[in-house]
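Asks: Starting from these lines, generate the structure:
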Amino acid sequence: MELSPRLEQEWELHRPAVFGAAYRLLGSVAEAEDVVQDVWLRAAAAEDLAQVANLRAWLITVAARTAYNVLRSARVRREDYVGPWLPEPLLTGPDAAGPVLVDESVGTAMMVVMRELAPPERVAFVLHDVFGLPFEQIAGVLGRSVPASRKLASRARGRVAAARDSEPEAARGERERVVAAFRAASQAGDLARLVAVLDPDVVYVADGGGRAKAARVPVRGRDRLAPMLAWIEGGTRPSGSSRSRWAGSPR
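Replies: Take a look at the predicted model:
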């Protein structure tokens, strides 16, 4: 297969955006990488890339269309499992395989909110509000009219804003301090320090992805959660409790 000279020159420049769009839509690193591979193959097979005015937008549009099909597929519906869902963490440190586009739209809280959006809302919001694509292109991805696509993005924007307002986010420095203290206390199995770090009304949500054991219902309150975390990290079982109790009861 003979590659377009333009694709050879610009692919690595645009790949982070392609991955970023797919990850924001799917919440899965593995599925996003599959989309990136699919976009690459489609772009490599395209014969008219030289005529594309904005290659970045073209590649993101192909990624969004592919991810949208995944979101709507019977396979995704079939693989849904009982229990909470959390997005797959995005590795952005020195061990990351490659550069990615990172902003508040890939934070865990934001990804959880976007998971609650209908697939068309999610696509319209990500493509317009995150990547700045015009609604004419978004309408083509969704198979909707431009006004309908604009309304989907507006509805998603409102839901995202409402979620942000209901749970104000702490400053980054404070978050890092709390996370470091939490990690140290949980790894040491220090129950007293864990209780001091946790909010009294903390809610613990676990996601095993259908492959690992995890609590299928949220664990609420630091008095229940602290002994459970001390046991998980430090190996000290909470007094008078069984594993099933602290792992959460099945629905």
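
Asks: Flag the shaky bits of the stretch 101-250 of the chain, pLDDT-wise.
Replies: 101-109, 165-176, 186, 189-191, 194, 203-217, 226, 228-250 (pLDDT under 70).

Asks: where exactly do the strands run in it?
Replies: According to DSSP state E, counting those that start in this stretch, the stretch 101-250 of the chain carries its strands in the segments 203-204, 219-220.

Asks: residues in contact with stretch 128-146?
Replies: By C-beta atoms under 8 Å, 6 or more residues apart in numbering, the residues outside stretch 128-146 that reach it are 17, 20-21, 24, 57, 60-61, 64-65, 68, 103, 105, 120, 123-124, 127, 148-150, 152-153, 156-157. Every residue, glycine included, has its C-beta placed from N, CA and C.

Asks: Can you list the buried residues in it?
Replies: 128, 130, 131, 133, 135, 137, 138, 139, 141, 142, 144 (16 or more other C-beta atoms under 10 Å).

Asks: May I have it exported as CSV, CA atoms only?
Replies: The C-alpha coordinates for stretch 128-146 follow below in CSV (Å, rounded to 0.1, in the frame of the first residue of the first chain):
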residue,chain,number,x,y,z
HIS,A,128,-17.8,20.6,19.1
ASP,A,129,-16.9,21.7,22.6
VAL,A,130,-13.5,19.8,22.9
PHE,A,131,-12.3,19.7,19.3
GLY,A,132,-14.1,22.7,17.7
LEU,A,133,-15.6,20.9,14.7
PRO,A,134,-18.4,22.6,12.9
PHE,A,135,-21.9,21.3,13.3
GLU,A,136,-22.1,20.6,9.6
GLN,A,137,-19.4,17.8,10.1
ILE,A,138,-21.0,16.6,13.3
ALA,A,139,-24.3,16.3,11.6
GLY,A,140,-22.7,14.0,9.0
VAL,A,141,-21.3,11.8,11.7
LEU,A,142,-24.6,11.5,13.5
GLY,A,143,-26.9,11.3,10.5
ARG,A,144,-28.9,14.2,11.9
SER,A,145,-29.6,17.7,10.8
VAL,A,146,-27.4,20.6,11.8
